[in-house]
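Participant: Just a sequence and a predicted model for now, questions to come.
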Amino acid sequence: IEAILGSDSEACVRAEAAETLAAGGPEAINVLIAATEDPDERVVEAATTALGEIGAVEAVPWLEQAARGHADRLVREAAVAALGAIHDPGSLKTILEVLRTGPPQVRRRAAVALAAFDDAAIEPALLAAARDRNPVVRDVASMLVNPPR
């Protein structure tokens with residue numbers, strides 16, 4: 001699978017290989033980090049998601065950078081989701097920043113990612129997001145602040 005990820009000419013095959021490596025555990029981290037440099041965004045998104053599933057703390061710096069401004073919105077969403085899955089306390093600042101400044105889909109994903117953290121800054125951020133200009137972001141943030149009973 002590692003060989004396929006690094007060399008297959010078909011992006012969909014490389015993306016599937018990255019998804020498969022999520023089950024590979026920590027030994028797959030370096031291969032997946034290398035896959036974040038793939039020229040096809042589908043592969044980068046799959047590798048990013050897999051890094052979150054594995055809990056790859058080693059990838060947090062790249063994930064934070066991608067969450068803040070990767071050219072592909074789906075990669076940004078995957079990076080925010082991965083940061084939430086890893087729940088490294090140092091990445092909370094990035095998730096809060098993205099909740100305020102990202103595109104709507106990324107802001108929505110950031111609100112969800114905050115559920116993995118326990119910090120005094122979360123509730124005020126979610127209350128602000130509950131007044132977001134985007135209705136989906138507002139709905140998600142409102143549900144997180146006031147969960148249904």
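Facilitator: In hand now; what should we look at? Here the structure is a predicted model, which means the values were calculated and not measured.
Participant: any idea which element residue 15 lies in?
Facilitator: Assigned by DSSP states H and E, residue 15 belongs to helix 11-21.
Participant: buried stuff in that helix?
Facilitator: 11, 14, 15, 16, 17, 18, 19, 21 (16 or more other Cβ atoms under 10 Å). Backbone N, C-alpha and C define where each C-beta goes, glycine included.
Participant: any idea which helix or strand comes after it?
Facilitator: Scanning forward in sequence from helix 11-21 by DSSP H and E, the next helix or strand is helix 29-35.
Participant: Run through the neighbouring helices and strands of the helix holding residue 15.
Facilitator: On a contact count with 3 or more Cβ pairs under 8 Å, 6 or more residues apart in numbering; DSSP states H and E, helix 11-21 meets helix 2-7, helix 29-35, helix 41-54.
Participant: relative orientation of it and helix 41-54 in degrees?
Facilitator: Interaxial angle, helix 11-21 versus helix 41-54 (axes from the mean of the first three to the mean of the last three Cα atoms, to 10 degrees): 0 degrees.
Participant: thinking again about what came up before, let me have the helices and strands packed on helix 11-21 in a markdown table, extended by distance to residue 78 and mean neighbour count.
Facilitator: Shown next, in a markdown table, are these (distance: least, Cβ to Cβ, whole Å; neighbours: other Cβ atoms under 10 Å):
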| stretch | distance to residue 78 | mean neighbour count |
| --- | --- | --- |
| helix 2-7 | 16 | 14 |
| helix 29-35 | 12 | 19 |
| helix 41-54 | 4 | 25 |
